[in-house]
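Enquirer: compute the structure for the input listed below.
(2 chains)
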Amino acid sequence: DAKTTQPPSMDCAEGRAANLPCNHSTISGNEYVYWYRQIHSQGPQYIIHGLKNNETNEMASLIITEDRKSSTLILPHATLRDTAVYYCIVRSEAGANNLFFGTGTRLTVIP
Amino acid sequence: NAGVTQTPKFRILKIGQSMTLQCAQDMNHNYMYWYRQDPGMGLKLIYYSVGAGITDKGEVPNGYNVSRSTTEDFPLRLELAAPSQTSVYFCASSPGTSGSWSTDTQYFGPGTRLTVL
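Expert: Numbers count the residues shown, from 1 in each chain, chains lettered A, B, ... in the order given. The predicted structure follows:
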């Protein structure tokens, strides 16, 4: 079941930071926020995940608000290859079927 | 590491034909999954496995079968292909060592695009 809300689309200029928001107001205390992306027709690609602290890896940063009701994925220097659909997913302990890909945000990086 | 590999990339089947979609991973992951993605839709879990010899149904298992005889391989079998099975099929794997479904990161293969006519 969808537990997240994302804007359907966003544009970002090449070289600038892309900030993708996600609302998850009903998130429970032990549920993690995951981000994946899917470049046209390819398999989903894992980006980053977090519980309540901000996280950073080689691909992106994840900022989670203190109340955990929303988060932002930051791609620090967007390139044309970052054009994709980005999915924010709240994962529970419900079992194997807990990776729900909703409609996501289609990010277009503009030259 | 090649990660998760899938073959074939594309396939066209006639109604009633059978085929096996192959999936292999070289990350020594314990868990493996099969998903399907219909056009413009999200992924739906078909079957998953938590180890060799252990499989379980996901959200949409009808019309499919799986087996897991080794840690590396997780083939998906379509016995009597139907037009409703036209979709893109993704295989995924995860370590299965965190003890928690909420932190077990899944890594996906490139997909198999199947058309049933």
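
Enquirer: surely A:Cys12 meets A:Ile74?
Expert: No. Using C-beta atoms under 8 Å, A:Cys12 is not in contact with A:Ile74, being 10.8 Å away. Every C-beta, even on glycine, is put in place using the N, C-alpha and C of the backbone.

Enquirer: more crowded one of the two?
Expert: Using other C-beta atoms under 10 Å in any protein chain shown as the criterion, A:Cys12 and A:Ile74 rank with A:Cys12 on top: 19 against 16.

Enquirer: looking at this, the more buried one is in a strand?
Expert: Yes. A:Cys12 forms part of a strand when assessed by DSSP: H, G, I helix; E, B strand; the rest coil.

Enquirer: for it, name its beta-bridge partners.
Expert: A:Val109 (DSSP bridges).

Enquirer: thinking again about what came up before, which residues do A:Cys12 and A:Ile74 both contact?
Expert: Counting by C-beta atoms under 8 Å, 6 or more residues apart in numbering or on different chains, the residues touching both A:Cys12 and A:Ile74 are A:Ala18.

Enquirer: is it true that A:Arg16 touches A:Pro76?
Expert: No. The criterion here is C-beta under 8 Å, and A:Arg16 misses it with A:Pro76 at 9.2 Å.

Enquirer: tell me which residues in stretch B:22-29 are buried?
Expert: B:Gln22, B:Cys23, B:Ala24, B:Gln25, B:His29 (16 or more other C-beta atoms under 10 Å in any protein chain shown).

Enquirer: please enumerate the strands of chain B.
Expert: B:4-7, B:10-13, B:19-25, B:31-37, B:43-51, B:54-57, B:64-66, B:76-78, B:87-94, B:107-108, B:112-116 (DSSP state E).

Enquirer: you'd agree B:Pro75 is up against B:Ser69?
Expert: No. Using C-beta under 8 Å, B:Pro75 is not in contact with B:Ser69, being 9.0 Å away.

Enquirer: around chain A, pick out the residues from chain B.
Expert: Applying C-beta under 8 Å from any C-beta of the partner chain, we find that chain B lies next to chain A at B:4, B:31, B:33, B:42-43, B:45, B:48, B:50, B:56, B:58-59, B:88, B:90, B:92, B:100-103, B:105-111, B:113.

Enquirer: the same query, at a cut-off of 7 Å, please.
Expert: When proximity is defined as C-beta under 7 Å from any C-beta of the partner chain, chain B approaches chain A at B:33, B:42-43, B:45, B:48, B:58-59, B:90, B:100-103, B:105-111.

Enquirer: ok, the residue nearest the centre of chain B to chain A distance?
Expert: Geometric centre of chain B, nearest residue: B:Trp34, 2.4 Å, by C-alpha atoms, centre = their mean. According to C-beta to the nearest C-beta, to the nearest Å, B:Trp34 and chain A sit 11 Å apart.
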